[in-house]
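> model the structure of this input:
(chains A, B, C and D)
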2 protein chains.
Amino acid sequence: MPLTGHPIVTRLTRSMKLNAADLKSLAAIFERDLTFRKREELVVHGSEFRNLCFVKDGYAIRYRLLRSGKRQILKLIMPGDVIGFPVSFFDRSSYAVVATSELTYAVCPFDSYIRLCYEQPQFGLVLSWLAAQEAATYAEHIVNLGRRTPIERLAHLLLEIHARLLEVGRAGETSFELPFSQEVMADALGLSVPHLNRVIQRLRAEQLITSNARFIDLTDLTSLQRLAQYEPMALVPIPVLKPGQ
Amino acid sequence: MPLTGHPIVTRLTRSMKLNAADLKSLAAIFERDLTFRKREELVVHGSEFRNLCFVKDGYAIRYRLLRSGKRQILKLIMPGDVIGFPVSFFDRSSYAVVATSELTYAVCPFDSYIRLCYEQPQFGLVLSWLAAQEAATYAEHIVNLGRRTPIERLAHLLLEIHARLLEVGRAGETSFELPFSQEVMADALGLSVPHLNRVIQRLRAEQLITSNARFIDLTDLTSLQRLAQYEPMALVPIPVLKPGQ
DNA sequence: GCTGTTCATTGATCTGGATTAATAATCCTG
DNA sequence: CAGGATTATTAATCCAGATCAATGAACAGC
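Model prediction:
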């Protein structure tokens, strides 16, 4: 299973200093690619799930549905993300994942990955590193929901989406195709759809963005960052030692 | 640095199946205990931080302060928790940590831990496992803030605190000393202090809890769990293989 | 190209929770 | 044990954002 051009490789090589040999070991335990249609469920709430799935292309959302019918989106899933962490560490999944566009991922059984960690310890750290990024994204989400105003939340979300798309070559300097609907963004930001819509219009009116339904330009990036109090993440590459060192 | 009686050991042996030899390796890289007074800053926002600090006793909060003066608490830190993950993976800390009671932790330099991971790969997985728990707690926090009502949020928070205290032997079957002030809980739940106070009284009035300023009894645990739609976490122990297997 | 479905937009109403402020209880510390 | 500093409680006002409802635009499948 070749990994060439895979967005997760872009992330791992840039930030984790994995070399060609590492990537070969990783490629060896990938089983196959799977493709899903829009709206297909990738992970069912309450089910067991023991795979690491590296998204090659397409978009999805990880969410929790409450009895009241309200939905909270935990994470927007994009190319280069891993589905199946941290759920593989748990008995059953406490959330669901559904594709919001056609989506392809490469499957790697969790057990194979664990075995690889024992052979080549750097992969245990790769997992921790991915987890650290995940935790940092979650932390921002918490700040967003708890203490930012709706306009700040939206600004922050747009900056986050842009940064993550940029990392895997899916965005321009300031612009990108909006991969998520307003309903999805509203459920990520804890807002109602009509209110989110008004907030979008407010950002447009204040000339911070230019957008239509499917395309967005962060016209005034600096002001957006100030408004959202956005701090880009700066991960430190883990020193990859080899057994002898 | 002996680890006997350390609450983190309770967690690791119960869930990660670490054996005596593993614990000895871990103990070997611990440097010393440090004790802090209430209100002392443990991690400064924007600073570098390259230590894993295992909390032996006492309480703290991880939080972000916004320009507006609003504070969002990201995590309530209790005995058995690790301060310094995931911040050690980052260039600088994007949050602050401050003790809310006298607190003691054992320090382990991040570099030593990384080195240990290369000698004994199971420790890389220990870190991933801790990260998975952290991520799951964050995820619940997101659902809380985004889509639960204030009374549901509080019920969920109390259940979470209780479960975490129980895990390290700091709580009874349904009751515990409340280690955090209402101001802290309000800033965790994204509510104002007066409003949180009213919500507490509502839980009392509905006979779900009995409490005063420093002690709380979850009188009607079942109803609380239903109200909060609380699902306890069920982590799967990682299979600890040894190099030969 | 037509049609049903999904998604975006707009308007009117109403309430939950913020805000502000003042007081009471409690905890420390000298 | 007295006095100051926290922390908890209560009350009054007000507005942001939910809710409900309806229309318009865009799109996918036939």
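> can you list contacts of the lowest-mean-pLDDT helix or strand in chain A?
Every helix and strand in chain A was compared by mean pLDDT, DSSP states H and E; the lowest is helix A:7-16, with a mean of 82. Contacts with helix A:7-16, where a contact means Cβ atoms under 8 Å, 6 or more residues apart in numbering or on different chains, come from A:3, A:18, A:23, A:54-57, A:79-82, A:122, A:125-126, A:129, A:167-170, A:235, A:237-238, A:240. Where you see a C-beta, it was placed from the backbone N, CA and C, and this is true even at glycine.
> alpha carbons of it, as CSV, please.
The C-alpha trace of helix A:7-16 is given here as CSV (Å, rounded to 0.1, in the frame of the first residue of the first chain):
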residue,chain,number,x,y,z
PRO,A,7,-1.7,14.1,3.2
ILE,A,8,-0.9,12.3,6.5
VAL,A,9,2.6,11.8,5.1
THR,A,10,2.8,15.5,4.5
ARG,A,11,2.0,16.1,8.1
LEU,A,12,4.3,13.4,9.5
THR,A,13,7.3,14.2,7.5
ARG,A,14,7.0,17.9,8.1
SER,A,15,6.5,17.7,11.8
MET,A,16,7.8,14.4,13.0
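> residues of stretch A:199-219 that come out buried?
By neighbour count on 16 or more other Cβ atoms under 10 Å in any protein chain shown, the buried set for stretch A:199-219 is A:V199, A:I200, A:L203, A:L208, A:I209, A:S211, A:I216, A:L218, A:T219.
> show me how far it is from its chain's centre.
Centroid separation for stretch A:199-219 versus its chain: 22 Å, with Cα atoms, centre = their mean, to the nearest Å.
> average pLDDT for it, rounded please.
Across stretch A:199-219, the average pLDDT comes to 94.
> what about the residue in chain A that chain B sits nearest to, neighbour count?
Closest contact between chain A and chain B, by Cβ to the nearest Cβ, is at A:G124 (2.2 Å). A:G124 is flanked by 25 other residues according to other Cβ atoms under 10 Å in any protein chain shown.
> can I see the domain layout of chain A?
A:7-140, A:149-228 (automatic domain parsing).
> highest mean neighbour count out of these?
The highest mean neighbour count among the domains of chain A, using mean count of other Cβ atoms under 10 Å in any protein chain shown, belongs to domain A:7-140: a mean of 19.
> ok, and does that domain reach over to DNA strand C?
No: Domain A:7-140 stays clear of DNA strand C (Cβ under 7 Å from any atom of the strand), getting no nearer than 7.6 Å.
> centre of the chain to that domain, how far?
Averaging C-alpha positions (Cα atoms, centre = their mean) puts domain A:7-140 9 Å from its chain's average.
> so is stretch A:27-42 next to DNA strand D?
No: contact of stretch A:27-42 with DNA strand D (Cβ under 7 Å from any atom of the strand) is absent, the minimum separation being 8.2 Å.
> alpha carbons only: can I get that stretch in PDB?
The C-alpha coordinates for stretch A:27-42 follow below in PDB (Å, rounded to 0.1, in the frame of the first residue of the first chain):
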ATOM      1  CA  ALA A  27       3.100   1.700   4.600                       C
ATOM      2  CA  ALA A  28       3.600  -2.000   5.200                       C
ATOM      3  CA  ILE A  29       0.900  -2.300   7.800                       C
ATOM      4  CA  PHE A  30      -1.800  -0.400   5.800                       C
ATOM      5  CA  GLU A  31      -4.400  -2.700   4.600                       C
ATOM      6  CA  ARG A  32      -6.400  -1.000   1.900                       C
ATOM      7  CA  ASP A  33      -8.200   2.100   0.800                       C
ATOM      8  CA  LEU A  34     -11.900   2.400   1.400                       C
ATOM      9  CA  THR A  35     -14.200   5.000  -0.200                       C
ATOM     10  CA  PHE A  36     -17.500   6.200   1.300                       C
ATOM     11  CA  ARG A  37     -20.400   8.200  -0.100                       C
ATOM     12  CA  LYS A  38     -21.600  11.500   1.400                       C
ATOM     13  CA  ARG A  39     -23.700  10.800   4.500                       C
ATOM     14  CA  GLU A  40     -22.300   7.300   5.000                       C
ATOM     15  CA  GLU A  41     -21.600   6.500   8.700                       C
ATOM     16  CA  LEU A  42     -17.900   5.700   9.300                       C
END
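> just the contacts of helix A:7-16: which are in strands?
A:F54, A:V55, A:K56, A:D57, A:V82 (DSSP state E).
> could you verify that A:H162 is part of a helix?
Yes: according to DSSP: H, G, I helix; E, B strand; the rest coil, A:H162 belongs to a helix.
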